[in-house]
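Chemist: Compute the structure for the input listed below.
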Amino acid sequence: MKGRRLLELARPRWRALLRLALWSALEAGETFLLGYALARALDRGFLAGHTGTGLAWLGLAALGVVAGSFGTGRVHLAVAALVEPVRDDLVRRVVRRALRAPDGAAVSRLTHQVEIARDTLAGLVMVSRTFVVTAVGALIGLCTLAPVLLPVVALPLAASLALFLATLRPLARRQEVFLAADEALSAELGLAVGGLRDITAAGAQDRVAADVQERIDAEFRASRALARWGVLRTLAAGIGGRLTVVLLLVAAPWLLDHGVTPGAFVGALAYLTQSLIPALQSLMQGLGTSGARLFVVLRRLTAQGAHTQEPAHPAGEPGPDEAVRLRGVTFAYGPGAAPVVDGLDLTVPHGGHLAVVGPSGIGKSTLAELMAGVRAPDSGEVLRGCARVLVPQQAYVFTDTVRANLSYLCPDGPEDSPGDDGLIAACTAVGARELVDRIGGLDATVAPSELSAGERQLIALARAYAAPAPLVLLDEATCHLDPAAEARAERAFARRPGTALVVVAHRTGSARRARQVLVLDGAGAEHGTHDGLLHQSAFYRELTGLHPSLALGDTDGVHAVAGPGLAGDRRHVVPHGPVGQMETVRDVRDRGALGGE
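Modeler: Down below sits the predicted model:
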């Protein structure tokens, strides 16, 4: 199963594999000449009294070393061409998985485990390739020198390799069990050490000690099983590295009597000691240690459901008129934390416009992320029947053309964008046209550091408007715009045909413009229209600083002209200037520090 994962990752790199095989052929030639040239130098040169011939054969072997070294340099380039795309593919998988079902290990997978996989894969490719190349060159050389040498050398090596391969899967499983037992022991000890005072106060020392001892025993059993399989691996290495040489030496008289020349025997011994045995030992070391490590990491990186927080119930489909539907959704930041969203039922229809309001830190952004699928609920389900786009408070703008920034959320990038006219129309709709013209048009390069926070938000809003996503979630995406610009952007999305708009609101005007308002207060949720909530919810009135009897002069609830009649006014509250466009919620309140006025 793990091997198949590795093959799936490497299969698209067949050109790199082909280059790797071609350059490796030079190293195979070097191995072949090592034993063959040495045998001929002895038999036809030095033992026959022809020193020049012997030196010529040794010179040929030296040329083989030079050619092999050249091939080795090109092999490293081919390995890089093979491994780096695999690393990129793993990064994409990790990012997609983190966006679909985020958890606390995503950063570790992206920064640490992916690098382990890349480095280990490169090492495994090198040792495996070296063994194959060496074996091919040496076996061809043995057959060329004297075919009778082949069974004496190849059979014990094959037995050693077979025994080693038979231990790979069981040993990898034992290593995983051992790692799991070690992690469980560390977690148990961490809880015990952190809660020593409570454990002592509750008199639970014996129970905690028994739990820790159970974890220790489990790790001990796992380590013993790992050690037993390690003995078999040591035996396999001994057969390949020691027994083969002994068998060749013991069989020397018989081989010399059956046509093997002294030079051929020395060549076979050179093949064994200088090529085959070192290559076999490197293979065993690499596959036995690094290979198991790689397979464990790959399993964690490519597994779809492991170590991720999945919804408690499988997601279905919302109704035909529903853009997103939440059924009994609960979410908390950790097992012991109080839920920030608790058993929430909510439906946003196609063409709907919902504002989510509440104090800071109450869970508004978390709810938007649950709707978008960035977070997975602890229980309940989030049903989405369409594509969606989430625009966060910190707008993402990158160094590229304006066109590339605006078409970034189109499924196939600029090729699938609505065209230049569509991009300009999106900018015009959300109020970003003047900014784009000032930058220099669609072909101009965007420099994020030269843009203000509000300008970056305008580009992000135009990008979301141009994207073919019927569900738009604005998570305080207009907080750096003035109220008029904010109203223009929100109205543009609300008027876009077939669009369901969810706004995490930070101004009262956003709630007044929405058809429906969801109020989060930390203990539950209230849902209704703006006017209805002003009558029904004291918390909503407190949050907005408004009263149903207050005749609002503008969208932020501030009278543009001074006069009596403000809530609680004792004829002394006088807003000055165009505060309707400047003051934030609760700025004009008759409950100051001086006597509550």
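Chemist: Strands along the stretch 451-597 of the chain, start to end?
Modeler: Taking DSSP state E, counting those that start in this stretch as the test, the strands found in the stretch 451-597 of the chain are 471-475, 500-504, 516-520, 525-528.
Chemist: Please identify the deepest-packed of those strands.
Modeler: Looking across the strands of the stretch 451-597 of the chain with neighbours counted as mean count of other CB atoms under 10 Å, the highest average goes to strand 500-504: a mean of 28. No exception for glycine: its C-beta is placed from N, CA and C like everyone else's.
Chemist: and that one, which strands flank it?
Modeler: Partners of strand 500-504 in the sheet, by DSSP bridges, are strand 353-357 (parallel), strand 471-475 (parallel).
Chemist: Which of those strands sits closest to Ala444?
Modeler: strand 471-475 (25.7 Å; CB to CB).
Chemist: sorry, back to before: could I get the strands paired with strand 500-504 in JSON lines, plus columns for mean pLDDT?
Modeler: Formatted as JSON lines, the strands paired with strand 500-504 follow (pLDDT from 0 to 100):
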{"stretch": "strand 353-357", "mean pLDDT": "92"}
{"stretch": "strand 471-475", "mean pLDDT": "92"}
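Chemist: Please produce TSV containing these, extended by distance to Phe220.
Modeler: What follows is the strands paired with strand 500-504, written out as TSV (distance: least, CB to CB, whole Å):
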stretch	distance to Phe220
strand 353-357	53
strand 471-475	50
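Chemist: Out of these, which gets nearest to Ala489?
Modeler: Using CB to CB, the nearest of the strands paired with strand 500-504 to Ala489 is strand 471-475, at 8.0 Å.
Chemist: circling back: please identify which of the strands of the stretch 451-597 of the chain is closest to Val152.
Modeler: Closest among these, using CB to CB: strand 471-475, at 72.5 Å.
Chemist: Just say helix, strand or coil for Glu219.
Modeler: helix (DSSP: H, G, I helix; E, B strand; the rest coil).
Chemist: Not counting its neighbours along the chain, what's nearest it?
Modeler: Leaving aside its sequence neighbours, Glu219 sits nearest to Ala181 (CB to CB, 6 or more residues apart in numbering; 4.1 Å).
Chemist: my read: that neighbour touches Arg215, true?
Modeler: Yes - between Ala181 and Arg215 there is a contact at 7.1 Å, judged by CB atoms under 8 Å.
Chemist: any shared contact partners between those two?
Modeler: Residues touching both Ala181 and Arg215 (CB atoms under 8 Å, 6 or more residues apart in numbering): none.
Chemist: just the helices in the stretch 51-200 of the chain please.
Modeler: 51-100, 106-108, 114-145, 149-194, 196-202 (DSSP state H, counting those that start in this stretch).
Chemist: Contacts only, for Leu409.
Modeler: Leu409 sits in contact with Val389, Arg463, Ala464, Ala466, Ala467, Ala469, where contact means CB under 8 Å, 6+ apart.
Chemist: same question for stretch 250-267, mean pLDDT?
Modeler: Mean pLDDT, stretch 250-267: 89.
Chemist: Then stretch 68-84?
Modeler: Rounded mean pLDDT across stretch 68-84 is 74.
Chemist: now swap in stretch 399-407 and tell me
Modeler: Stretch 399-407 comes out at a mean pLDDT of 89.
Chemist: which parts of that stretch are buried?
Modeler: Neighbour counts over stretch 399-407 (16 or more other CB atoms under 10 Å) mark Thr401, Val402, Arg403, Ala404, Asn405, Leu406, Ser407 as buried.
Chemist: Check stretch 442-462 too.
Modeler: Applying 16+ other CB under 10 Å to stretch 442-462 flags Leu442, Val446, Leu451, Gly454, Glu455, Arg456, Gln457, Leu458, Ile459, Ala460, Leu461, Ala462 as buried.
Chemist: Kindly report the same for stretch 323-335.
Modeler: Quick answer for stretch 323-335 (16+ other CB under 10 Å): Ala323, Val324, Arg325, Leu326, Arg327, Val329, Thr330, Phe331, Ala332.
Chemist: any chance you could map the strands in the stretch 201-350 of the chain?
Modeler: Counting by DSSP E, counting those that start in this stretch, the strands of the stretch 201-350 of the chain are 322-331, 341-349.
Chemist: Format those strands as CSV; extra columns: mean pLDDT.
Modeler: Output for the strands of the stretch 201-350 of the chain, formatted as CSV (pLDDT from 0 to 100):
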stretch, mean pLDDT
strand 322-331, 90
strand 341-349, 89
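Chemist: Other residues contacting stretch 181-201?
Modeler: Stretch 181-201 is contacted from outside by Gln205, Val208, Asp211, Val212, Arg215, Ile216, Ala218, Glu219, Arg221, Ala222, using CB under 8 Å, 6+ apart.
Chemist: what separates His350 from Val503, distance-wise?
Modeler: Going from His350 to Val503 by CB to CB, to the nearest Å gives 16 Å.
Chemist: Select only the buried ones of the contacts of stretch 181-201 in ChimeraX?
Modeler: Per 16+ other CB under 10 Å, the buried members of these correspond to this ChimeraX selection:
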select :208,215,218,219,222
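Chemist: Sort out which one of the contacts of stretch 181-201 lies nearest Thr130 for me.
Modeler: Distance to Thr130 across those (CB to CB) is lowest for Ala222, with 32.3 Å.
Chemist: leaving aside the residues next to it on the chain, what's closest to the closest one?
Modeler: Phe178 (4.1 Å).
Chemist: now the one you found: how far from Ala210?
Modeler: For Phe178, the distance to Ala210 - CB to CB - is 22 Å.
Chemist: Looking at these two, which has the bigger crowd around it?
Modeler: Set Phe178 next to Ala210 and count neighbours by other CB atoms under 10 Å: Phe178 wins out with 19 against 10.
Chemist: ok, back up a step: rebuild the buried residues of stretch 399-407 as TSV, extending it with secondary structure and distance to Leu248.
Modeler: Shown next, in TSV, are the buried residues of stretch 399-407 (DSSP: H, G, I helix; E, B strand; the rest coil; distance: CB to CB, whole Å):
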residue	secondary structure	distance to Leu248
Thr401	strand	69
Val402	helix	73
Arg403	helix	71
Ala404	helix	66
Asn405	helix	69
Leu406	helix	72
Ser407	coil	68
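Chemist: Let's have the residues you listed in JSON lines, adding distance to Ala268.
Modeler: Below are the buried residues of stretch 399-407 laid out as JSON lines (distance: CB to CB, whole Å):
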{"residue": "Thr401", "distance to Ala268": "66"}
{"residue": "Val402", "distance to Ala268": "71"}
{"residue": "Arg403", "distance to Ala268": "68"}
{"residue": "Ala404", "distance to Ala268": "64"}
{"residue": "Asn405", "distance to Ala268": "67"}
{"residue": "Leu406", "distance to Ala268": "70"}
{"residue": "Ser407", "distance to Ala268": "66"}
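Chemist: quick one: which of these is nearest Cys143?
Modeler: Nearest member of these to Cys143, counting by CB to CB, is Ala404, at 60.0 Å.
Chemist: Now do the closest one against Gln394, distance only.
Modeler: Looking at Ala404 against Gln394, where the rule is CB to CB, the gap reads 19 Å.
Chemist: I'd say Arg496 and Ala466 touch.
Modeler: No - Arg496 lies out of contact with Ala466 (CB under 8 Å); the separation is 10.5 Å.
Chemist: Pick out whichever of those two has more residues nearby.
Modeler: The residue with more neighbours, out of Arg496 and Ala466, is Ala466; 25 against 17, by other CB under 10 Å.
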